[in-house]
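Novice: My questions are about this predicted structure, shown below with the sequence.
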Amino acid sequence: MLDRAMQIGTAVEACCMLALICAAPVAYADVKPDPLSSPVWQDLAQKILGAGDIVFDDRVKVIIPPIVENQAQVPVTADARLVPNVTKLVIITDLNPIQHVMTLTPVAGKSEPYISLRLKVEQATPVRAAAQTTDGVWHVGGVFLEAAGGGCSSPAMARDDADWSKTLGDSQGRIWREANGTARLRLRVRHPMDTGLAKDNTPAFYIEQLTLKNGAGEDVGKLELFEPVAEDPTLTMLIKHTLSSGDITVLGRDNNGTMLRSTIASPWKQSLTPSISPKVRNRS
Amino acid sequence: METKLDPVNFTKSSKSLVINMFSQLTRRQLAVALSSTIAAPLLPAFVAEAAPLSYTLKPQEIADGVWVIEGAQEAITFENGGAIANIVIMDSTDGAIVIDTGPSRRFGEALAALAQSLTSKPITRVYITHFHPDHAFGNQGFDAKIIAAPEGVITGLKEMGNTFSDAMYYIARDWMRGTEIVLPTISIAKSGVEDIGGRRLRLLPLSGHTTSDLAIFDETSGTLVTGDLAFLDRAPTTPHADFGIWRQSLSKLNDVSARTTVPGHGPVEASQRAVSQTKNWLDDVERIISENFEQGLDITEAMNTPLPENLTRLTLARYEFSRTVMHLYPKLEASRLPRVGGRAVD
């Protein structure tokens, strides 16, 4: 029956194409076709990414699950490690009411243009990662995420818990050393991450910023988060970390001025974890 | 008329009931014919969608007066209309007994017609094994007064029915037309034998696959209907699972001396293989996901790690493994990641 739908789709497409050709050729030649055919991409790219040429680049990977069951917690990985000299990594969900999910600013030599997190989706949407390189060019990769939606307009789970504020900001985390000299940092912060769009009229309340610093006080990486990041943000980042780098301190702030601080020890007691290659691995 | 046979090698004849006379071919031909008319480029898709869809139910008689309509061993898609669960019809002197009602109103109505046609009697009782939509969304085909389920199934449908409904309409689209949630009205409080028209049904209210699962052992024919407490050759689903409780329920099912087992999904077999295979899957998957977590992997990474052959052998292994990663990971993160800080006080 999918065949049937596709046949009909193709037939309709063919009709529309034919209609276009008959009408008059339109001067769209200078616009790069969006591989995900999003109706808003052109405007959105300008709004979020600003100046800088845009190229669609398969080396920028977005990894999503095969099915979305929880529209308020969709796991997404953005990985631009195959592109050299990345200075910024942005996640964009075209058809969400709030499209800008997050910007990661890796520090050269100290962190990788890589992040795993969970986000909310209000409907099926393209999910993109845009990696800006030192020459100003944005390298954009993405996938289309199928979802029933409703994740941005559903109240946070914390809103069912009268004591939610007692655990606000509570942070958990751990660092793993990988065989290739990088380290893997996982962090979970309790926060409702209210979008301001939920049916219960709770105003937007979300963590805006997280900064990672090493033992010497140097910046390792910076994250700007926005409303679509899922409740209780749970992140994975890859950092360059040696025995002498010391513990990692994470400083954060939400849009109500709550300051967050956590220190993740790097005792290196555990054995090396084989590093996860940025290449798409074959599924068994 | 194709009937899938399994090692039990059923010799009974199978019947097929095509409820609706609109063939797909007619619609396709119509669509192609219309779409070649440039004058109305948007009309063809509209016309094609307007034609009604219909389920073809193929009952296999697995014991005297016991039929199974085997679900597709697939995830819920538009193509299969959500008809992926195994459905059971039993004959009795009081009338037909139906276990689970399928994914939609349309399916429920076709199922009710089939049950009456197979038994030449009205339907006297419907059991719902758990609150998942592929098992309980055909309730509209039946009188709510004869639908029975444990209280947890009724509560689950009440609380989660609308969320399931959103997802079902999104995926199965027009197959779902007119489908609404109908709650069972007969609450099954405890295990025990119920005699319906000479058929002795041992009701086993358990849990683990969800918060409330009903298994039914038909003592008359020796048929164990497990609901989704057991899967066979198709990977188990875990969105509302409690692995520990599920294992306890499986050991109880293992103690039932069944001649034939009807799993919630997968082929009917004259063995308890569905029960043992489901237990092995739960053990292995839980261990692998825990190991992935301890290596620092995030969800999208963990769902792509290699799986052993005894797991990948099952249909939809990777798909269900990925779902289970999503189900188990948040609990592991909340309970196992060390506390590192909180609100800064200054």
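Specialist: Ah, there it is.
Novice: Please count neighbours and contacts with C-alpha atoms only from this point.
Specialist: Noted.
Novice: Checking my notes, B:R323 in a helix, right?
Specialist: Yes - the assignment for B:R323 is a helix, going by DSSP: H, G, I helix; E, B strand; the rest coil.
Novice: So B:T220, which state does it fall into?
Specialist: coil.
Novice: buried stuff in stretch B:219-226?
Specialist: B:E219, B:S221, B:G222, B:T223, B:L224, B:V225, B:T226 (16 or more other CA atoms under 10 Å in any protein chain shown).
Novice: I meant stretch A:192-211, not that one.
Specialist: Per 16+ other CA under 10 Å, stretch A:192-211 contains these buried residues: A:192-198, A:204-211.
Novice: about what we covered before: now pLDDT and distance to B:H240 too, for the buried residues of stretch B:219-226, in a markdown table please.
Specialist: Below are the buried residues of stretch B:219-226 laid out as a markdown table (pLDDT from 0 to 100; distance: CA to CA, whole Å):
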| residue | pLDDT | distance to B:H240 |
| --- | --- | --- |
| B:E219 | 97 | 29 |
| B:S221 | 97 | 31 |
| B:G222 | 97 | 29 |
| B:T223 | 98 | 26 |
| B:L224 | 98 | 23 |
| B:V225 | 98 | 20 |
| B:T226 | 98 | 17 |
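Novice: quick one: which two of the residues you listed are the most distant?
Specialist: Across the buried residues of stretch B:219-226, the longest distance by CA to CA is 14.7 Å; it joins B:S221 and B:T226.
Novice: Name the residue closest to the centre of the chain, please.
Specialist: Let's take chain A. A:I91 (4.0 Å; CA atoms, centre = their mean).
Novice: ah, I was thinking of chain B
Specialist: Centre-nearest of chain B using CA atoms, centre = their mean is B:A85, 3.4 Å out.
Novice: so who does the spatially closest residue to that residue that is not a sequence neighbour touch?
Specialist: Among residues not flanking B:A85 along the chain, B:G71 sits closest, at 4.4 Å (CA to CA, 6 or more residues apart in numbering or on different chains). Going by CA atoms under 8 Å, 6 or more residues apart in numbering or on different chains, B:G71 touches B:A83, B:I84, B:A85, B:N86, B:I87, B:H265, B:G266.
Novice: Near residue 253, how many other residues are there?
Specialist: I went with chain A, as the question did not name one. Residues lying near A:R253 (other CA atoms under 10 Å in any protein chain shown) number 20.
Novice: The intended chain is chain B.
Specialist: B:L253 - counted by other CA under 10 Å - has 24 other residues nearby.
Novice: before we move on, what about B:I299?
Specialist: Count around B:I299 with other CA under 10 Å applied: 29.
Novice: returning to that earlier point: need the pLDDT of the residue nearest to B:A85.
Specialist: If you check B:G71, the pLDDT there is 98.
Novice: Now it: which helix or strand?
Specialist: Assigned by DSSP states H and E, B:G71 falls within no helix or strand.
Novice: Next one: it from B:Q60, what distance?
Specialist: Separation of B:G71 from B:Q60 (CA to CA, to the nearest Å): 12 Å.
Novice: Flag the shaky bits of the chain, pLDDT-wise.
Specialist: Just so you know, I chose chain A. Along chain A, segments meeting pLDDT under 70 span A:1-31, A:267-284.
Novice: Chain B is the one I meant
Specialist: B:1-51, B:346.
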